[in-house]
Structure formats: structure tokens, C-alpha cells
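S.K.: curious how this folds, go ahead:
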Amino acid sequence: MKTVTIYTDGACSGNPGPGGWGAVLLYGAHRRELSGGEASTTNNRMELTAVISALELLKEPCAVELWSDSKYVIDGLSKGWAKAWRARGWVKSDKKPALNPDLWGHLLELTERHTLRCHWVKGHAENENNNRCDQLAVEESRKF
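M.R.: Next up, the predicted model:
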């Protein structure tokens, strides 16, 4: 199984507001950057979209090392929160509706295809790939 390292980030000017996302995929000597955005969205939706977009590029099951500065994404996946929300019909343990069930549902489908290890990285710090994702996301958000 191929090991792919993915860095992702989302950005939003206002919440909601114009937003963008960026991702960097690394496999051996190969590097691919991708990004996108929406005119009216939230930061968390952009964080999720970055991960989804990166995973959608993988043509076969892979061992994925996912790096994100989003506790929402990392904890939702690694602590099993999103799977629990789905099992309860997109309701959180506090009985409130889970936000972004459309994106979480799609992300969970994608993660079931791969072996995923999640890593939180401090945002706006020393990690050049995370900083590049942030730059891509901010550039996309400014297009709107």
C-alpha cells in the first residue's frame, strides 16, 4: 500500500463569508498542490473540503498521513466523533445537531477506503507545508 502524506487547511474571511481551502499531497518525490473556494461558507466547511478534495485524488487505497491544524477535523476523525454523529443520525452527544453532515458523511466514506492516521499541527507556525496550505486557502478566499 502506498503511503501518501496530505496537509490541508481552510480559511474564511468572516464566518460565514468568502472562504478557501488548500491541500498539499506528497508521495515519494511527487508533490501536488490543489485549492478552491466558495463565496459564502464557514471555516470548518473549508477545512473539511480540503481533506475531501485531497482524498478524492487518490486512485487506490493508500496509507494516508493526514496533517491539519483543524482540531475540528482531526478530533472528529481520530476520536471517532464523526462516526458517532453518523450512527446517531447526525446528532451529537449533547443532543444538538452535528454541523456539516453532508461533508462529514462524504469524508467518512472516503476514509473507509484508506488507512488514515491523523496528526494535528500548530497553525501559522514552523511547518512549511501547513503554511503553504494556509497561503493557498487565503488566496482562494480573496477571489470572492
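S.K.: show me where pLDDT drops low in this structure?
M.R.: Along the chain, segments meeting pLDDT under 70 are nowhere present.
S.K.: strands of that one, residue ranges please.
M.R.: In the chain, the segments counted as strands under DSSP state E are 3-12, 17-27, 30-41, 63-68, 115-120.
S.K.: need the ones you listed in CSV (columns: mean neighbour count and distance to Asp102).
M.R.: Quick note: C-beta positions are derived from backbone N, CA and C, even for glycine. Converted to CSV, those look like this (neighbours: other C-beta atoms under 10 Å; distance: least, C-beta to C-beta, whole Å):
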stretch, mean neighbour count, distance to Asp102
strand 3-12, 25, 16
strand 17-27, 23, 15
strand 30-41, 16, 12
strand 63-68, 21, 19
strand 115-120, 15, 20
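S.K.: need these in CSV (columns: distance to Lys96).
M.R.: As requested, the strands of the chain are exported to CSV (distance: least, C-beta to C-beta, whole Å):
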stretch, distance to Lys96
strand 3-12, 22
strand 17-27, 23
strand 30-41, 21
strand 63-68, 23
strand 115-120, 24
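S.K.: looking at those, which is nearest to Pro97?
M.R.: Of all the strands of the chain, strand 30-41 sits nearest to Pro97, with 18.1 Å by C-beta to C-beta.
S.K.: partner strands of that closest one, with direction?
M.R.: strand 17-27 (antiparallel) (DSSP bridges).
S.K.: ok and the strand it pairs with relative to strand 63-68, angle-wise?
M.R.: 140 degrees (axes from the mean of the first three to the mean of the last three C-alpha atoms, to 10 degrees).
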